[in-house]
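J.: can't give you the sequence, but here's the structure:
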């Protein structure tokens, strides 16, 4: 584990973390966010009421580790603030997505990521498209197996959970799941991947979760609150833009080369997608050009 004592409230990592980020290696760390006034149960409930409905995701808490599609375990949200405050007894799992929409949380996300950049020696400007997510879940609730395309820092605020990591069986399976991600399943699994590691995380514990790394979480017998901050850098931004491009042209009957086969073609695809995103914004056609939102 790469940890050291720093003033930052977020991931306490040192310069050795640069290699772990580059090699996409899950890494444990400590943080000082537990008890932060923006991250208490009441603050999270209040934020849930403030965010638009599209930024609230709700599922049943008691579900398999490999639960398949989100639709099969989704629940209706009537009064999100009340439901979050009742999380200890309602067997639920809530996510508040893109909390940076609220200015005070954007400031917090930047403080966390900038602090991590300073202590690890990473250029802060290279950590782009920063996003934040808050999670509230009941005792014994499950965060179903999935992967994300962002660099993610999971930080436990309250309660203790078991974080599991897995791996794809082979490159063919990985490619198939990535294709499904871009076609709308957002990286979820209906069969649990082979387990590679398990970490117990309690308040003040955290873990770096690399892009495209299968993972899942099982709560113990207490309510869980946690925060995840994410970002893209050159490494995973280029990969995700190529995948988004390939998905678009496959729908036209074209069979593009996968990411990593040709650096020249990959650069051209990245350039096209960045220009395409910029054109959509200028023409007011919706979307931010971000390929990592979900």
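T.: Yep, it's here. Quick caveat: nothing in here was measured; it's all calculated off a predicted structure.
J.: In the stretch 101-250 of the chain, mark out all the strands, start to finish.
T.: 128-137, 142-146, 151-158, 161-167, 194-201, 205-209, 215-219, 224-232 (DSSP state E, counting those that start in this stretch).
J.: Any idea how far the lengthiest helix in the chain is from the middle of the chain?
T.: Looking only at the chain and at elements set by DSSP state H, the helix with the highest residue count is helix 263-283. Averaging C-alpha positions (C-alpha atoms, centre = their mean, to the nearest Å) puts helix 263-283 23 Å from its chain's average.
J.: likewise stretch 111-129?
T.: Counting by C-alpha atoms, centre = their mean, stretch 111-129 comes out at 17 Å from the chain centroid.
J.: Identify each buried residue in stretch 160-173, please.
T.: Using 16 or more other C-beta atoms under 10 Å as the test for burial, stretch 160-173 gives 161, 163-166, 168. Placement of C-beta: from N, CA and C, glycine included.
J.: to the chain's geometric centre, what's the distance from stretch 57-66?
T.: With C-alpha atoms, centre = their mean, you get 16 Å for stretch 57-66.
J.: avg pLDDT for stretch 168-182?
T.: Averaging pLDDT along stretch 168-182 gives 92.
J.: before we move on, the earlier item: any idea which of the buried residues of stretch 160-173 is closest to residue 180?
T.: Distance to residue 180, by C-beta to C-beta, is smallest for residue 168 among the buried residues of stretch 160-173, at 12.3 Å.
J.: was I right about that closest one contacting residue 187?
T.: No. Counting by C-beta atoms under 8 Å, residue 168 sits too far from residue 187 to count as a contact (11.2 Å).
J.: Now for those two: what residues contact both?
T.: Contact criterion C-beta atoms under 8 Å, 6 or more residues apart in numbering; residues shared by residue 168 and residue 187: residue 177.
J.: picking that back up, and residue 238, which of the strands of the stretch 101-250 of the chain is closest to it?
T.: Closest to residue 238 of those is strand 224-232 (C-beta to C-beta; 9.1 Å).
J.: Quick one: residues in contact with the closest one.
T.: 10, 33, 39-41, 44, 109, 112-113, 127-138, 141, 148, 150-161, 240, 292.
J.: likewise stretch 171-191?
T.: For stretch 171-191, contacts defined as C-beta under 8 Å, 6+ apart pick out 66-70, 144-149, 168, 212, 214, 243-244, 246-247, 258, 294.
J.: Inside helices: which ones of those?
T.: 243-244, 246-247.
J.: So in this structure, where's the weakest helix or strand by average pLDDT?
T.: None of the helices or strands of the chain scores lower by mean pLDDT, DSSP states H and E than helix 263-283, at a mean of 81.
J.: and that helix, which residues are buried?
T.: Neighbour-count burial for helix 263-283, with 16+ other C-beta under 10 Å as criterion, is recorded at 266, 269-270, 273, 276-277.
J.: Ok, stretch 140-156 next?
T.: Buried residues in stretch 140-156, counted by 16+ other C-beta under 10 Å: 141-156.
J.: Could you identify the most distant pair in these?
T.: Greatest spatial distance in those: 141 and 151, 24.9 Å, computed using C-beta to C-beta.
J.: in the sheet, who's paired with residue 96?
T.: Under DSSP bridges, the beta-bridge partners of residue 96 are residue 56, residue 134.
J.: What residues does it make contact with?
T.: 44, 47-48, 51, 55-56, 133-135.
J.: Quick check: chain neighbours aside, which residue is closest to residue 242?
T.: Excluding the flanking residues, the one nearest residue 242 by C-beta to C-beta, 6 or more residues apart in numbering is residue 259, at 4.2 Å.
J.: for the record, mean pLDDT for stretch 225-232?
T.: Per-residue pLDDT over stretch 225-232 has a mean of 98.
J.: Same question for stretch 237-250.
T.: In this model, stretch 237-250 has an average pLDDT of 90.
J.: just to revisit the earlier point, among the ones in helices among the contacts of stretch 171-191, which pair sits farthest apart?
T.: The farthest-apart pair in the ones in helices among the contacts of stretch 171-191, when distances are taken by C-beta to C-beta, is 244 and 246, at 7.3 Å.
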